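>>> next input, structure requested:
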Amino acid sequence: MDIEKMMKAAQDAAENIQKQMGEAQAKLDTIEVEGVSGGGLVKVRATAKGRILGVSIDETLLVPSEKQMVEDLVAAAFNDARAKADAASNEEMGKMSAGLPLPPGFKLPF
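Purely as a prediction, here's the structure:
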């Protein structure tokens, strides 16, 4: 195989990977996760890409004396949603990279 054919094959493979990455990133924005804290009193809905879709706070928490606790629960729910979004993202990207000839331990940059 001559060098031109090898370069063309490498370029085609790179373009294919780039296309698959774009499709995978678009799919991540359609996968929904829900972060929860306070036993369900605070919920955060997000996409696996990390876009926040909504926040729900149980009305029993909406009293001035509970302000700090509510803020802590909201932060915990966001962190839970982020962790779930990361897990969903890693799963989807793992599916995409499963067919790629990557060396062991190599991670694609996401």
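
>>> where does the chain dip in pLDDT?
Of all residues in the chain, those with pLDDT under 70 make up the ranges 1, 97-110.

>>> could you point out the longest helix of it?
Counting by DSSP state H, the longest helix found in the chain is helix 67-97.

>>> any idea how far that helix is from the chain center?
8 Å (C-alpha atoms, centre = their mean, to the nearest Å).

>>> what's the helix or strand hosting Q18 packed up against?
In this assignment (DSSP states H and E), Q18 forms part of helix 3-28. The helices and strands touching helix 3-28, judged by 3 or more C-beta pairs under 8 Å, 6 or more residues apart in numbering; DSSP states H and E, are helix 67-97. (Each C-beta comes from the backbone N, C-alpha and C, glycine too.)

>>> what angle sits between the helix it packs on and helix 3-28?
Helix 67-97 and helix 3-28 are oriented at 150 degrees to each other (axes from the mean of the first three to the mean of the last three C-alpha atoms, to 10 degrees).

>>> quick check: buried residues in helix 67-97?
Taking 16 or more other C-beta atoms under 10 Å as the neighbour-count basis, helix 67-97 is seen to contain the buried residues 70, 73-74, 76-78, 80-82, 84-85, 88-89, 92-93, 96-97.

>>> following the helix holding Q18, which helix or strand shows up next?
Towards the C-terminus, the helix or strand next in line after helix 3-28, according to DSSP H and E, is strand 32-37.

>>> can you list the strands that that following strand pairs with?
Each strand pairing with strand 32-37, determined using DSSP bridges, is listed with its direction: strand 42-47 (antiparallel).

>>> which outside residues touch the partner strand?
Among residues not part of strand 42-47, those counted as contacts by C-beta atoms under 8 Å, 6 or more residues apart in numbering are 28-36, 52-58, 61, 70, 73-74, 76-78, 80-82, 84-85.

>>> what pairs with S37 across the strands?
Beta-bridge pairing for S37 (DSSP bridges): V42.

>>> got a list of what it touches?
L73, V74, A76, A77, D80.

>>> circling back to that earlier point, determine how far the helix holding Q18 lies from the middle of the whole chain.
Counting by C-alpha atoms, centre = their mean, helix 3-28 comes out at 22 Å from the chain centroid.

>>> I am finished for the moment; much appreciated.
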